[in-house]
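[1] the following comprises the amino acid sequence and a computationally predicted model.
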Amino acid sequence: MGTSKRLAAHYDMRSQHQTILTAARAGALQSLTERELALREQPVTIYPQPYRAVRAWVRFGPEAVWVDAKLARSTPLAAGIEFRAGDRTFRCWVWGNAVTVDEG
């Protein structure tokens, strides 16, 4: 008997959400600081909906998690992303090289 690709994607998503929620209990979601972003010196692009799908490394306390996210804004060096787990929405700024465009 084969497995359903649709169900596999659903279980992957549920597993990722559980990983995110577990990491969120271990520490706060980290975001780049105002000094690192230098928003007064750098242009900011705000993307209208629908956002671009990306994969990104985020950090909850000491734990790094690879998440499916949406690109909401960017600077030449950083990306403002948002992602969901359960009924929670998380938003943070990460370095641009921590983000890849989700082609899938």
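    The structure has been received and is ready for your questions.

[2] so Asp102 is in contact with Trp66, correct?
    No - using C-beta atoms under 8 Å, Asp102 makes no contact with Trp66, being 11.3 Å away. (Each C-beta comes from the backbone N, C-alpha and C, glycine too.)

[3] what do those two both touch?
    Taking C-beta atoms under 8 Å, 6 or more residues apart in numbering as the contact rule, Asp102 and Trp66 both touch Arg55.

[4] check which helix or strand the closest residue to Ile81 other than its chain neighbours maps to.
    Take Ile81 and drop its neighbours on the chain: the residue closest to it by C-beta to C-beta, 6 or more residues apart in numbering is Ala69, 4.1 Å away. Using DSSP states H and E, Ala69 sits in strand 63-74.

[5] neighbouring strands for that strand, and are they parallel or not?
    Strand 63-74 has these partner strands in its sheet, going by DSSP bridges: strand 45-46 (antiparallel), strand 52-60 (antiparallel), strand 78-85 (antiparallel).

[6] ok, which of those comes nearest Ala38?
    Closest to Ala38 of the strands paired with strand 63-74 is strand 78-85 (C-beta to C-beta; 9.0 Å).

[7] could you measure from the residue nearest the centre of the chain over to Gln49?
    For the chain, the residue nearest the mean C-alpha position is Ala69 (4.0 Å; C-alpha atoms, centre = their mean). With the distance defined as C-beta to C-beta, to the nearest Å, Ala69 ends up 14 Å from Gln49.

[8] if we can go back for a sec, so the residue nearest to Ile81 is in contact with Arg55, correct?
    Yes - between Ala69 and Arg55 a contact is recorded at 7.1 Å, counting by C-beta under 8 Å.

[9] low-confidence stretches in this structure?
    Across the chain, the ranges flagged by pLDDT under 70 are 1-12, 50, 104.

[10] if we use 90, what do you get?
    Counting by pLDDT under 90, the chain shows low-confidence ranges at 1-26, 48-52, 86, 102-104.
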